[in-house]
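Trainee: What follows is a predicted protein model with its sequence.
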Amino acid sequence: MVQPPIIVIESTADVRICPTLARAGQALEATDVKEGVYRAFDSAGTPLELAVTSWIRVEVREVPGASPRPDELAGMLRGLLRARGYIEADDMTLSLDALVQLCSAFALG
């Protein structure tokens, strides 16, 4: 079961934090999804699938049987925070939830 919020990372430049799968899909560009620009996770670090269902519609979906990868998501969020000058990102004791909260300060919606 997907655990909101939905975190979508665009390369290593931006992050979007959305309350639902539907809202995350609305925030993404189909062209970028086709080019593999985004990586999506739920708040537990479980990878999500991005699919273009029509020429402009994007869906973000649960991947059946996907295992959470909290360390992978935490590493990506730390990289984003470091790039923005947040020295707190180097604190390895920060939980995934705390990293998401820090990213929400500059996240796109």
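Mentor: Great, that's in hand. Numbers count the residues shown, from 1 in each chain.
Trainee: I figured residue 21 hits residue 61, correct?
Mentor: Yes: using CB atoms under 8 Å, residue 21 makes contact with residue 61 at a distance of 6.9 Å. C-beta here means a position set from N, CA and C on the backbone, and glycine is covered the same way.
Trainee: Neighbour count for these two, which is higher?
Mentor: Applying other CB atoms under 10 Å to residue 21 and residue 61 shows that residue 21 carries more neighbours, namely 18 against 14.
Trainee: pLDDT at that one, what is it?
Mentor: With respect to pLDDT, residue 21 scores 97.
Trainee: State the distance from it to residue 36.
Mentor: Using CB to CB, to the nearest Å, one gets 19 Å for the distance from residue 21 to residue 36.
Trainee: was I right about residue 17 contacting residue 104?
Mentor: Yes: using CB under 8 Å, residue 17 is in contact with residue 104, at 5.4 Å.
Trainee: got any ranges where the chain has weak pLDDT?
Mentor: Residues of the chain meeting the criterion pLDDT under 70: 12, 89.
Trainee: so where do the helices sit in it?
Mentor: Secondary structure of the chain (DSSP state H): helices at 21-27, 30-34, 70-83, 96-103.
Trainee: Next, the angle from the third one to helix 96-103.
Mentor: Pointing back at helix 70-83 there. With axes from the mean of the first three to the mean of the last three CA atoms, to 10 degrees applied, the angle from helix 70-83 to helix 96-103 works out at 30 degrees.
Trainee: tell me the contacts of residue 6?
Mentor: 16-21, 23-24, 40-43, 48, 60 (CB atoms under 8 Å, 6 or more residues apart in numbering).
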